[in-house]
Every structure is written in C-alpha cells, then in structure tokens.
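Peer 1: using only what follows, build the 3D model:
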Amino acid sequence: MHYFLHSERELFVIIDPFLWSSIASGYRLDGADRIFSWRNGSLTDQYNVNVHFVTQTVPTGAHKALVKTQKYHLLQKGKGLQNEGKTMEDVNGYIQMIDFSAYSLGTTDIDEAAVQALSENLMHSFTTSGFAYLKNTGITDEQVTSVFDVADKFYDLPVDVKQKYRRNETDFHERHGWVCMEGENLGKLNGLQRPPDLKELFNIKPPLSGGDSWPSEVPEFEETCMDFFNQAHDLAKRVLELIARGLGTEAAEFLDMFKFIGKGRNSSHLRSIRYPPVPETVKENQVRCGEHTDFGCITLLFQDNAGLEVAKGDGEFVAAPPIADTVVINIADTLQRWSADKLVSTKHRVMLPYTPETRGTTRRCVTFFTHPDFDAVMKCLDGSDKYPPIRAEDYVASRLRKMYL
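Peer 2: Residues are numbered from 1 along each chain as shown. Below you'll find the predicted structure:
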C-alpha cells in the first residue's frame, strides 16, 4: 500500500509496533489523534484507535521507538483519511468529518444527488456517534474569531460592570445575558455531584426580553454577535432540512416548527463561552464543563482549543479537537426523543487540561443551540407512541429546573 504525507494541522504519532500492546492497554500519548506503525522505513497499518492526552507515563524505552512526531495529515491511496471526492472521512475512530459543500451557505446550484448523499452521511453519524465535523459550510474561521475577539472584550470588563448584563434565571427559559464564573453546573443534568463549571458565558437570544440589554461598553458586540447568529441559524436550518429528509419527514412541515428562531417564542440562542486558564487551586472534582447532553435539537460548536470529549457506547470518552474551518455538530435530547431514538444525543464534557502547559491556556467556543418553537408539539416522527407528545417549551423548562434547582 502506498502512502504519502501532506502538511496539515492535525497531529499524528508514528510508533514502532512493539508499543502497540502497551498503548492498547491504556497508555496515552500527548496530543495524538491516531496511531500508525512504522516498518522498514515506510508507513503500514492504520490503527483505528483514539488517543487522549497524557494520563499515564509511557513505558520505559518508549521514547526510543518514537520515529516521528509531526503535524501531518496522512493520505493513503484508495483508503485514506482524505481522498479526492470523498465526502465523509474518519477523524478519530468515532466522529466523522463530512463535506457540506453540496449544501453550504450561499450555494444556489443544488445537485440533488449530492444533497441526498450528504443527508445519508449525516444520518450515518447522527444514528451512531451523534456527532460529526462539518467542513465547507460557508462559515469561516475568520468569522468565528471575530466573535471570540468581541466576546473577550466583554469578559475582560470588571465583574461589577458585567453584572449589569447578568442573565435572568427565574422563569426557566433560556434567556439573554451573562453567566458568571461558576454560575452553571451542567453535570447536575446527569446526576453528577460536582462543583460548578469553571467557565463564564454570554447568551445571545434575540429578540431581547424585558430587562435584557446589549453591553454598551463594547459597541460592536451586538452587530458582530447578531451577524454570526444569523449565519449559524441559516446553517442549522439547512442541517435540519437534511435530517428531515433522512427521517422521511416532510421538510417544509418540519422546518415550520422552527419559524420563530430569533423572533420570539423559541429557545434557540447563540452562546459564547470562555474557559479561563486553570487557577492553582480548584475545587475537588471540578471541571470546565460537566458531562451532559444538550437540551434542544442540534448544536453547532465552533472552538479554538482542545478540551471537548465525547462519550462512546462503552463509556470511554474520545477527544474532539478543533480542526480548522470546521464546525462540530451534535444531536440533542429533543431530537432524539422526537425521532423515537433513531438519532442519538451523546454525552460530552470539557475536562481540565491534562498537562501543565495546557492548563495555562484559555479555551473559547461559540455554540448555536437550535430548538423548536415553544408551541411545537413533539410527537414521534415515525408515527409510533414510544414517547407521549409534549410541548417543546415544557420539555426545555423541565430540563432547566433540573439544572438550577
């Protein structure tokens, strides 16, 4: 089998085969996403194994077996991680990379066969891992960075200034506004007894309700965030349409249940999150974001640094690192219920960084949480009675009570 290397952003570790049994038994290598063996001066077998950050010391002598550690993207003739014309690629043995170019934002010349193939690829991921990376969506890293930067200006304000924009948490609806450091505990949704999450965040949820406001200290905050809200909303609608197609549901009728996003009676919102460098002292069992599943239908995640981990069926977690010009997308609880469990809402978390070097870094992300309208009645889309009908507003309120009470 012929291989060649192409410079890319992903990090791979090429190792001697004798280390394989040790690593498979639980040893972890820092920063490695994939493992390949090196024999007789050439790359051979590709092992479909996820590798997390360092949690144990690599066995004595292992450093002698490390042949090369570089930022490479491996291409394998006929069976690579990336082949010309390939629309779905393996990222870490669990989460797939899907090329969204057939239905990207701004695309008007629609190839029906390509869109159908895209829908099938999405359904494969959403019925297995519940997660996927999307590339060629029409949203660029530059647009994401603009939101990161304007949010940083807000987070850097004094706490007493940020308090003016604190989110109202009294009515069990997703609301616009700032949540202070340790102001949320997502692990409670999964019944975990952990300290609050080590993060702060700002929800962007138009139209603003009484008492909500935009931070006047950062004049460009509203325009930048709303521009991105609209982009993410457009992308989410396209994904929802493809999901409806994959479920055999009439797309127009399905999308009609999301018509109030950004207009009123709907919980969809954009969220900026900043995870600060880890302080010298943290509470016992504290993490950046506790293990949880999301409330809504789908979530779009844009991230700048590593930390996201996604649960597999066996209870192990795999890393979902940032990849340039991609968005991570996942199914959430509402859509799993609505699809009668055909689509999978998967637990995920953000742990504290595993190494001293990475503990000193900030992690930023922007998420778009997509919900149906308040009055949408969720009846199982396959016509079954696996779950009783429930209004979307009532379902979300029940989840918020669990987190804040």
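
Peer 1: part of a strand, is Met226?
Peer 2: No - the assignment for Met226 is helix, going by DSSP: H, G, I helix; E, B strand; the rest coil, so no strand is present there.

Peer 1: look up the closest residue to it, ignoring the ones flanking it.
Peer 2: With CB to CB, 6 or more residues apart in numbering as the criterion, Met226 has its nearest non-adjacent residue at 6.8 Å, and that residue is Pro206. Any C-beta I mention is one placed from the backbone N, CA and C, and that applies to glycine too.

Peer 1: roughly how far does the one you found sit from Thr346?
Peer 2: The gap separating Pro206 from Thr346 is 29 Å, by CB to CB, to the nearest Å.

Peer 1: and for Ser272?
Peer 2: Counting by CB to CB, the separation of Ser272 from Thr346 is 23 Å.

Peer 1: the two: which has the busier surroundings?
Peer 2: More neighbours sit around Ser272 than around the other of Ser272 and Thr346, counting by other CB atoms under 10 Å; the figures are 25 against 21.

Peer 1: is the more buried one bridged to anything, and to what?
Peer 2: In this entry, Ser272 is beta-bridged to Phe202, Val366, by DSSP bridges.

Peer 1: tell me the contacts of it?
Peer 2: 147-148, 151, 201-202, 204, 225, 364-366 (CB atoms under 8 Å, 6 or more residues apart in numbering).

Peer 1: got a list of what Leu186 touches?
Peer 2: Applying CB under 8 Å, 6+ apart, we find Leu186 in contact with 197, 289-292, 403.

Peer 1: of the residues you listed, just say which sits nearest to Ser339.
Peer 2: The closest of the contacts of Leu186 to Ser339 turns out to be His292 (CB to CB; 19.5 Å).

Peer 1: go ahead and confirm the closest one touches Ser345.
Peer 2: No - contact between His292 and Ser345 fails when scored by CB atoms under 8 Å: they sit 10.0 Å apart.

Peer 1: quick one, helices of the stretch 151-300 of the chain?
Peer 2: In order along the chain, the stretch 151-300 of the chain carries the following helices (DSSP state H, counting those that start in this stretch): 159-162, 221-247, 251-255.

Peer 1: what about Val115, which SS state?
Peer 2: The assignment at Val115 comes out as helix when based on three-state DSSP.

Peer 1: hang on, isn't it packed against Phe100?
Peer 2: No - using CB under 8 Å, Val115 is not in contact with Phe100; the gap is 10.3 Å.

Peer 1: more crowded one of those two?
Peer 2: Phe100 (27 against 17).

Peer 1: check contacts around the more buried one.
Peer 2: Shown in contact with Phe100 (CB under 8 Å, 6+ apart): 118, 134-137.

Peer 1: and it, how far from Gln193?
Peer 2: In terms of CB to CB, Phe100 sits 39 Å off from Gln193.

Peer 1: check Pro321 too.
Peer 2: When CB to CB is the yardstick, Pro321 and Gln193 sit 28 Å from each other.

Peer 1: and what of Ile261?
Peer 2: When Ile261 is compared with Gln193 (using CB to CB), they lie 35 Å apart.

Peer 1: one more: Thr145?
Peer 2: In this structure, Thr145 lies at 37 Å from Gln193, with CB to CB as the measure.

Peer 1: in terms of neighbours, single out the busier of the two.
Peer 2: Neighbour tally, Thr145 and Gln193, criterion other CB under 10 Å: the higher count belongs to Thr145, 14 against 9.

Peer 1: what sits closest to that one if chain neighbours are left out?
Peer 2: Taking CB to CB, 6+ apart, and ignoring the residues beside it in sequence, Thr145 has Asp304 as its nearest neighbour in space, at 7.8 Å.

Peer 1: looking at it, that neighbour is touching Ala324, isn't it?
Peer 2: No - applying CB under 8 Å, one finds Asp304 not in contact with Ala324, separated by 10.4 Å.

Peer 1: quick one: which of these two has more around it?
Peer 2: A direct count of neighbours by other CB under 10 Å for Asp304 and Ala324 places Asp304 higher, at 16 against 10.

Peer 1: count of neighbours near Asp212?
Peer 2: Counted with other CB under 10 Å, the burial measure for Asp212 works out to 16 neighbours.

Peer 1: so who does Leu301 touch?
Peer 2: Shown here is Leu301, whose contacts under the criterion CB under 8 Å, 6+ apart are 308, 327-330, 365-367.

Peer 1: got the contact list for stretch 216-231?
Peer 2: Stretch 216-231 is contacted from outside by 105, 138-139, 143-144, 146-147, 150-151, 153-154, 157, 161, 204, 206, 214-215, 262, 270, 272, 366, 368, using CB under 8 Å, 6+ apart.

Peer 1: ugh, typo on my part, it should be stretch 350-365
Peer 2: If you take CB under 8 Å, 6+ apart as the criterion, stretch 350-365 is touched by 30, 52-55, 148, 151-152, 198-199, 272-278, 282, 286-289, 301-309.
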